[in-house]
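Novice: Fold the following for me, if possible:
(one chain, ligands or ions: 3)
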Amino acid sequence: MAGTRDHVRFLLNDRVVRLTALPADKTLLDFLRLDEGLTGSKEGCAEGDCGACTVLVGRLHRGELVYESVTACIQFVAGLDGCHVVTVEHLRGADGGLNPVQQALVEHHGSQCGFCTPGIVMALYALYMRNPRPDRNAVARALQGNLCRCTGYESIFRAAAHFGDYGAPEDDPFLAERGSVIAALAGFADGSSVEMETDGKAFAIPADTEALAELLARQPEARLIAGATDVGLWVTKFMRDISPAVFIGHLAELKSVALEDGALVFGAGVTYSEALPFVATHLPELKDFWMRIGGEQVRNMGTLGGNIANGSPIGDTPPAFIALGAEIVLRKSGDRRRLKLEDYFIAYGKQDRQPGEFLESITVPLPGPDDIYAVHKITKRRDEDISALCGAFRLTVRDGRVAGACIAFGGMAAVPKRARAVEAALIGKPWTEASVVAAMPAFAADFSPISDMRASAEYRMKAAQNLLLRVYLDTAPAKAVAS
Ligand SMILES: Cc1cc2nc3c(=O)[nH]c(=O)nc-3n(C[C@H](O)[C@H](O)[C@H](O)COP(=O)(O)OP(=O)(O)OC[C@H]3O[C@@H](n4cnc5c(N)ncnc54)[C@H](O)[C@@H]3O)c2cc1C
Ligand code: FES
Ligand code: FES
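Specialist: Ligands and ions are numbered 1, 2, ... in the order given. Next up, the predicted model:
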């Protein structure tokens, strides 16, 4: 190990930033606007929802430079150590004028109030780099995390359909800098850890999981921060003190994904975007649902480990994974323990995690050939909305009968929870509409949901029952044909 550094360093547009005084809770948006005078990135909501603050963050991933859109308002500066941050000020066209994305927005009247425009430019630019001629679905996906309040979407979509007309990505001056950016980022990766304290707000950036384990042994109550899509709001909305913080979103060992013995094993630091190719290939039933977790920026930042560790009753992956019989590995120093994901959630705000432990991996068994697997998320708004409830169903149907059932819900109790009474009501019964309807009242034995701003208790109960019926109606014809 290369020792400890007393500063954070990263590339900001075309220059190296080196910070020796940095509070743990300094957000990237405050840093850009207040310290650097880069006011192109706007503050709309300060909670990751509107996209007005979108910037690009480039990281080296197995030697390749990958840029992703992120929301600067909930991204902490310390979490960017070793990265390349690109703001809207850095984009320009081949002639030094507007970039093709900006030019297309001008020509097609895609900017009206202009406040949300820099964020929309950055989100679309991230798309343009990968795909200069995107179809409507790709544009919609790239903009899931950007709100235009004056309903200029149609003109923005028109612009996005044409940005390839204004220049090819390979002629983009920003992309021409790639070689030097890769060299700079590779130079940053010297294997050192960071420990800093400024204004009484301390944080550490361990170089690897060994350093993390050692740090947590010394400071078992330290706050872990992976993608910061939850913790960021604790600062911007609730003014909470997050010190001492330990940033772990960069740790390569927590980013592995492997297929082992019929299960996907995700490192806890894998983001939704990083997991997507594996989900699409091995759990295709989950793909549409996956694209409804957050918006593009949140999927680029948020991790599977953060979604589980936060213990939220309305996190989306816990029910989806519990239904598949997922297990997690928690590590403390050199010791590891494995437990069923459903057992991790003890009560509201209480999880089975000891001080000094961190979540290392999640093992998600894949459905078998006789399994019906479906996950449904009910929200008020289709995109970038938190679940009112989320139902996950794995039903093993053999010879027309339910041989096994594992059903889990979020949003129906104080924790993500199995619907054991419903499962019992289905097991052994013929997989017919009559059996499903007969099992629906059993939801009342499993759940007593609450009413809140997302849904009333009655709505939640009715929707949960109907989701079971939907799973039957969606899958029964296919099964009937197969048999
Ligand atoms: C705009 C917006 C939209 C969102 N939409 C959704 C959505 O659709 N569905 C959904 O489920 N969630 C959603 N979220 C919530 C959030 O994005 C997810 O819960 C995300 O997975 C959290 O991961 P993170 O890495 O950002 O966690 P962080 O904010 O970094 O951490 C969250 C918690 O987990 C702990 N933690 C993180 N990693 C570990 C680890 N390895 N070991 C132990 N503890 C750890 C932290 O200490 C903290 O307590 C949304 C958030 C925002 C801001
Ligand atoms: S200011 Fe709204 S997402 Fe950042
Ligand atoms: S252009 Fe800004 S809200 Fe629509």
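
Novice: Could you check which residue of the chain lies nearest ligand 1?
Specialist: With distances taken as Cβ to the nearest ligand atom, the chain approaches ligand 1 most closely at Gly306, which sits 2.2 Å away. All C-beta spots, glycine's among them, are computed from the backbone N, C-alpha and C.

Novice: May I have the secondary structure class of that residue?
Specialist: Going by DSSP: H, G, I helix; E, B strand; the rest coil, the secondary structure assigned to Gly306 is helix.

Novice: Not counting sequence-adjacent ones, nearest residue to it?
Specialist: Nearest in space to Gly306, with sequence neighbours left out and distances taken as Cβ to Cβ, 6 or more residues apart in numbering, is Ala226 at 4.5 Å.

Novice: swap in Arg18?
Specialist: Computed as Cβ to Cβ, 6+ apart, the closest residue to Arg18 that is not its neighbour in sequence is Arg9, at 4.7 Å.

Novice: neighbours of the residue nearest to Gly306, just the number please.
Specialist: Applying the criterion other Cβ atoms under 10 Å, we find 30 residues in the vicinity of Ala226.

Novice: Could you pull up the contacting residues of it?
Specialist: 248-249, 254, 268-269, 302-303, 305-306 (Cβ atoms under 8 Å, 6 or more residues apart in numbering).

Novice: still on that earlier bit, if I've got this straight, the residue nearest to Arg18 is in a strand?
Specialist: Yes: if the criterion is three-state DSSP, then Arg9 is within a strand.

Novice: Give me the three-state assignment for Leu339.
Specialist: Leu339, by the three-state scheme (three-state DSSP), is strand.

Novice: again but with Ser180, I slipped
Specialist: The three-state label for Ser180, taken from three-state DSSP, comes out as helix.

Novice: Can you tell me which residues in the protein are near ligand 2?
Specialist: 43-46, 48-53, 71, 73 (Cβ under 6 Å from any ligand atom).

Novice: Roughly how far does Pro23 sit from ligand 3?
Specialist: Counting by Cβ to the nearest ligand atom, to the nearest Å, the gap between Pro23 and ligand 3 amounts to 31 Å.

Novice: Hmm, that residue is touching Ile242, no?
Specialist: No: with contacts counted by Cβ atoms under 8 Å, Pro23 stays clear of Ile242, the gap being 9.7 Å.

Novice: which one of the contacts of Ala226 sits closest to Ala374?
Specialist: Here the nearest of the contacts of Ala226 to Ala374, counting by Cβ to Cβ, is Gly302; it sits at 22.7 Å.

Novice: how about the closest one, what does it touch?
Specialist: Contacts for Gly302 were tallied using Cβ under 8 Å, 6+ apart; they are 226-227, 229-230, 271-272, 293-294.

Novice: And the strands in the stretch 251-400 of the chain?
Specialist: Defined through DSSP state E, counting those that start in this stretch, the strands belonging to the stretch 251-400 of the chain, from first to last, are 257-260, 263-267, 327-332, 335-340, 345-347, 350-351, 358-365, 371-378, 389-398.

Novice: got the domain boundaries for this structure?
Specialist: According to the domain assignment given by automatic domain parsing, the chain is divided into the following structural domains: 4-89+178-247, 100-171, 252-365, 371-482.

Novice: Show me which residues of the stretch 201-350 of the chain are close to ligand 1?
Specialist: Taking Cβ under 6 Å from any ligand atom as the criterion, the stretch 201-350 of the chain approaches ligand 1 at residues 223-231, 268, 293-294, 298, 301-303, 305-307, 309-310, 315-316.

Novice: which stretches of the stretch 1-150 of the chain have low pLDDT?
Specialist: Filtered on pLDDT under 70, the stretch 1-150 of the chain yields the residue ranges 1.

Novice: Get me the contact residues on the stretch 51-200 of the chain for ligand 1.
Specialist: Counting by Cβ under 6 Å from any ligand atom, the residues of the stretch 51-200 of the chain near ligand 1 are Ile74.

Novice: for the stretch 51-200 of the chain, what spans make up the helices?
Specialist: Listed in chain order, the helices found in the stretch 51-200 of the chain under DSSP state H, counting those that start in this stretch are 100-107, 117-130, 136-142, 153-162, 173-176, 178-188.

Novice: which helix of this structure spans the most residues?
Specialist: Taking residue count as the measure and DSSP state H as the definition, the longest helix of the chain comes out as helix 457-482.

Novice: Report all helices and strands that it contacts.
Specialist: If contacts are counted by 3 or more Cβ pairs under 8 Å, 6 or more residues apart in numbering; DSSP states H and E, helix 457-482 sits against strand 371-378, strand 389-398, helix 433-439, helix 443-446.

Novice: and the angle from that helix to strand 389-398?
Specialist: Counting by axes from the mean of the first three to the mean of the last three Cα atoms, to 10 degrees, helix 457-482 points 30 degrees away from the direction of strand 389-398.

Novice: The residue of the stretch 201-350 of the chain found nearest ligand 2: what's it in contact with?
Specialist: Taking Cβ to the nearest ligand atom as the measure, the stretch 201-350 of the chain has Gln297 as its residue closest to ligand 2, at 7.3 Å. Counting by Cβ under 8 Å, 6+ apart, Gln297 makes contact with 48, 51, 54, 68-71, 123, 145.

Novice: among the residues you listed, which ones are buried?
Specialist: 48, 51, 54, 68-71, 123, 145 (16 or more other Cβ atoms under 10 Å).

Novice: mind checking how far the residue nearest to Gly306 is from Val270?
Specialist: Counting by Cβ to Cβ, to the nearest Å, the gap from Ala226 to Val270 is 10 Å.

Novice: Please apply the same query to Ala2.
Specialist: In this structure, Ala2 and Val270 are separated by 25 Å, where distance is defined by Cβ to Cβ.

Novice: Settle it for me: which of the two has more neighbours?
Specialist: Each of Ala2 and Val270 has its neighbours counted (other Cβ under 10 Å); Val270 has more, 23 against 10.

Novice: in stretch 49-68, what's buried?
Specialist: With burial defined by 16+ other Cβ under 10 Å, the residues of stretch 49-68 counted as buried are 49-60, 65, 67-68.
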